[in-house]
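Q: quick one, what's the 3D model for this:
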Amino acid sequence: MKLVNRWFDKNGAGHVTLRPEDNEDMWHLYNLISEGDAVRATALRRVQNVSSTGSTESHRVRTTLTIQVSRVEFSPASSGQDGSENSAGGSVPNASLHISGPVISENQYVRMGAFHTLDIEPNRDVRIEKSEGWDSVARARVEEAIVPGRGAEVAAVVCGEGTAAFCLLSQHMTVVTHRIAVSIPRKAATSGTSQHEKGLGKFYSTLYDSFIRHVPYANPDLKAIIIASPGWVRDAVADHLNAEASKRGDKPLQRALKEKLVKVHVTSPHVHSLVEVLKNPTVAAQLKEAKFSREGITLDKFHKMLGTDEMRAWYGPDHVCLAADRGAIGTLLISDNLFRSSDPATRKKYVEVVEAVQAKGGEVVIFSSMHESGQQLNQLTGIAAILTFPLDIEVVEAEEREEAEARKKRELEQDGGDA
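A: Predicted structure coming up:
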């Protein structure tokens, strides 16, 4: 993402102009733009002209519109879509971001108040002005988005017998770029080349072709190529890839497999097994600086704490807010989904929790809901915490009730005195 310009006043009001370049930039914009914001971007509009003879003709014009956001829709890169395939070196952006709302600035082609949907395009500027001002989480998201050199850091092929899902993992997104499914008959009792072996051969051939198209193995930013499966499939797939690369004299692929290939056992041949993959010690060591790896490790720590010392593992908005009020949070786990609330007060509440934890020296990990670990956290309400010391939820809630009753009593006494 390129930062074109930005301006904030001392109260946090202001605007930012950004230029998205890839799928992950579209995801950042989706997380930055909220209902009520003013967004300016280029748009295509169909314009009708009436000639002196009364005939009409229409043509498309590119113009710049400013709308007040009422809806934001994001669609990630889809597997099998034209243009989504990856060459050895990279990928073509095909995530889509649609921002809808009424036009709020004068334009020669579109009347004020007309409803319009902006289709955000790569390499075209987007100006965002926030109605409620730019809070600390939104500003941090901008800083994170403009760091250069991002992109896919891990390619993973999650396999079963006859199935494979090709995934690319970047800092904030897990994208399934392609899937294959090849029917493999059961082993025959007769000798010779069986239907089973023919099915396996077709599977390996299809997988190799898909690997070449969908894994950017020559990209220097790619840190690892993971082949994951239950049972024996990962070893057979890795052997076939190496054999084909050698047979075809594909030196870049041979080098990539030698330097980046990691085989990992998982319990299921499905994409959600990527959470298991990221817990693997070899993978974790190789990706220790990657954000998505940190998310997976942190979620695993929370689950372990929940199993061994539940008074130090809290989840749910009310309970986590209580823990934050007591300065008890060592690590806050929070989903980016919560910051996309259409209610400013709800968003503000979660921003205040983040700031309170940081002020006490705690760690804040904002999970991407486009990663498997983020989706798992969303199933736990989207917010959880590992506490620095144990707190009994029932005791804390009882203290809160007593404090509320005492406060109410004081207010009644004060009202009586005023009377």
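Q: so in this structure, which helix runs the longest?
A: When the chain is parsed with DSSP state H, its longest helix is helix 393-418.
Q: and that helix, how far out from the chain middle?
A: When C-alpha coordinates are averaged (CA atoms, centre = their mean, to the nearest Å), helix 393-418 and its chain have centres 42 Å apart.
Q: ok, now how distant is residue 185 from residue 195?
A: Computed as CB to CB, to the nearest Å, the residue 185 to residue 195 distance reads 4 Å. No exception for glycine: its C-beta is placed from N, CA and C like everyone else's.
Q: buried sites along the longest helix of the chain?
A: Buried residues in helix 393-418, defined by neighbour count with 16 or more other CB atoms under 10 Å: residue 396.
Q: cool, stretch 331-343 as well?
A: Within stretch 331-343, the residues that count as buried by 16+ other CB under 10 Å are 331, 332, 333, 334, 335, 336, 337, 338, 339, 340.
Q: TSV please, covering those residues and showing pLDDT, distance to residue 268 and secondary structure.
A: Formatted as TSV, the buried residues of stretch 331-343 follow (pLDDT from 0 to 100; distance: CB to CB, whole Å; DSSP: H, G, I helix; E, B strand; the rest coil):
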residue	pLDDT	distance to residue 268	secondary structure
331	98	28	strand
332	98	29	strand
333	98	23	strand
334	98	27	strand
335	96	23	strand
336	94	26	helix
337	93	24	helix
338	95	28	helix
339	93	31	helix
340	90	29	helix
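Q: so where's the chain uncertain?
A: For the chain, the stretches with pLDDT under 70 are 50-52, 54, 77-93, 149-151, 188-193, 416-419.
Q: okay, helices next: where are they in it?
A: All helices of the chain, identified by DSSP H, fall at 23-32, 136-145, 195-214, 233-247, 251-260, 274-279, 281-286, 291-308, 317-325, 344-359, 372-379, 393-418.
Q: show me this protein divided up by domain.
A: Here the domain parsing of the chain from the TED database is 2-80+92-146, 154-289, 292-397.
Q: need those in a markdown table with distance to residue 409, can you?
A: Compiled in a markdown table, these are given as follows (distance: least, CB to CB, whole Å):
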| stretch | distance to residue 409 |
| --- | --- |
| domain 2-80+92-146 | 36 |
| domain 154-289 | 49 |
| domain 292-397 | 19 |
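Q: ok, which of these comes nearest residue 415?
A: With CB to CB as the criterion, residue 415 lies closest to domain 292-397 of the domains of the chain, at 26.6 Å.
Q: list the contacts of residue 275.
A: Taking CB atoms under 8 Å, 6 or more residues apart in numbering as the criterion, residue 275 is in contact with 296, 299, 372, 373, 376.
Q: could you measure from the fourth one over to residue 118?
A: Computed with CB to CB, the distance linking residue 373 and residue 118 is 31 Å.
Q: so if I had to pick from these two, which one is more boxed in?
A: residue 373 (27 against 23; other CB atoms under 10 Å).
Q: so the more buried one sits against residue 291, correct?
A: No - using CB atoms under 8 Å, residue 373 makes no contact with residue 291, being 10.4 Å away.
Q: ok, how many other residues are close to the nearest residue to residue 358 once chain neighbours are set aside?
A: Nearest residue to residue 358, sequence neighbours excluded (CB to CB, 6 or more residues apart in numbering): residue 364, at 5.9 Å. Using other CB under 10 Å, residue 364 is surrounded by 17 other residues.
Q: residue 364 contacts residue 334, correct?
A: Yes - if you go by CB under 8 Å, residue 364 and residue 334 touch, sitting 7.0 Å apart.
Q: name the residues contacting each of these two.
A: The contact sets of residue 364 and residue 334 overlap at residue 354 (CB under 8 Å, 6+ apart).
Q: quick one: contacts for residue 95?
A: Contacts of residue 95 (CB under 8 Å, 6+ apart): 23, 26, 27, 74, 75, 76, 77.
Q: one more time with 10 Å
A: By CB atoms under 10 Å, 6 or more residues apart in numbering, residue 95 lies in contact with 20, 22-27, 29-30, 74-78, 84, 120, 122, 173, 175, 370.
Q: for it, give its distance to residue 40.
A: As defined by CB to CB, residue 95 lies at a distance of 21 Å from residue 40.
Q: and if you look at residue 347?
A: To residue 40, residue 347 is 22 Å away according to CB to CB.
Q: report the buried residues of stretch 246-258.
A: Buried residues in stretch 246-258, defined by neighbour count with 16+ other CB under 10 Å: 250, 253, 254, 256, 257.
Q: take those and write them to JSON lines, including distance to residue 166.
A: Below are the buried residues of stretch 246-258 laid out as JSON lines (distance: CB to CB, whole Å):
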{"residue": "250", "distance to residue 166": "18"}
{"residue": "253", "distance to residue 166": "15"}
{"residue": "254", "distance to residue 166": "20"}
{"residue": "256", "distance to residue 166": "15"}
{"residue": "257", "distance to residue 166": "15"}
